[in-house]
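For reference, the sequence and a predicted model appear below.
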Amino acid sequence: MLPLIILRPFHYRSEEVLGLDLGTHSELEKEMRKLKGIRWCGQNGWWYLPLTKENFETMKAAVAPYATLDTRWLRQYLEQKQVAKEAQVQGRTVSPRRLQQFLITPLSEENAAALKR
């Protein structure tokens with residue numbers, strides 16, 4: 001069974017990044033170091049990349065033979081981001097601070113639907 005890498009989006013130094021939580025599988029570190037643009041966040045103990053589709057696809061292809069990806073936190077983050085973006089497009093003002101809260105704290109399905117309405 002392949003080790004699990006948990007993908008955890010977060011903000012670091014005012015940048016939206018994708019954290020790679022390797023857990024106790026330090027042998028994956030050698031593969032992580034090969035990725036272009038990857039950095040270490042000592043605060044969280046995770047490797048991270050700027051959060052872009054290209055970086056995700058590159059990382060996914062690079063680690064596929066060595067590990068399985070857990071994308072549930074990434075999916076949830078992107079869904080929250082989409083809901084907040086839709087609220088902005090519909091003309092409702094959402095302050096940057098509130099937007100940040102949406103992205104960090106998951107909304108329930110009922111609250112996400114209410115925000116869309």
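Yes, it's here. Numbering: from 1, shown residues only.

State which strand of this protein is the longest.
strand 4-12 (DSSP state E).

so what's Leu4 up against?
Listed by Cβ atoms under 8 Å, 6 or more residues apart in numbering, the contact set of Leu4 reads Gly23, His25, Ala67, Thr68, Leu69, Asp70. In short, each C-beta sits where N, CA and C put it, glycine included.

hang on, the earlier thing: in terms of secondary structure, what does the helix or strand that comes right after the longest strand of the chain contact?
Heading C-terminal from strand 4-12, the first helix or strand you meet, by DSSP states H and E, is strand 15-21. Packing partners of strand 15-21 (3 or more Cβ pairs under 8 Å, 6 or more residues apart in numbering; DSSP states H and E): strand 4-12, strand 46-50, helix 53-63.

buried stuff in the first one?
Read that as strand 4-12. For strand 4-12, the neighbour count (16 or more other Cβ atoms under 10 Å) marks Ile5, Ile6, Leu7, Arg8, Pro9, Phe10 as buried.

Surely Leu18 is in contact with Glu57?
No: contact criterion Cβ atoms under 8 Å: Leu18 and Glu57 do not qualify, at 11.6 Å.

Tell me which of the two has more neighbours.
Legend: neighbour count by other Cβ atoms under 10 Å for Leu18 and Glu57, higher for Leu18 (22 against 10).

ok, back up a step: would you mind getting the angle between the longest strand of the chain and strand 46-50?
60 degrees (axes from the mean of the first three to the mean of the last three Cα atoms, to 10 degrees).
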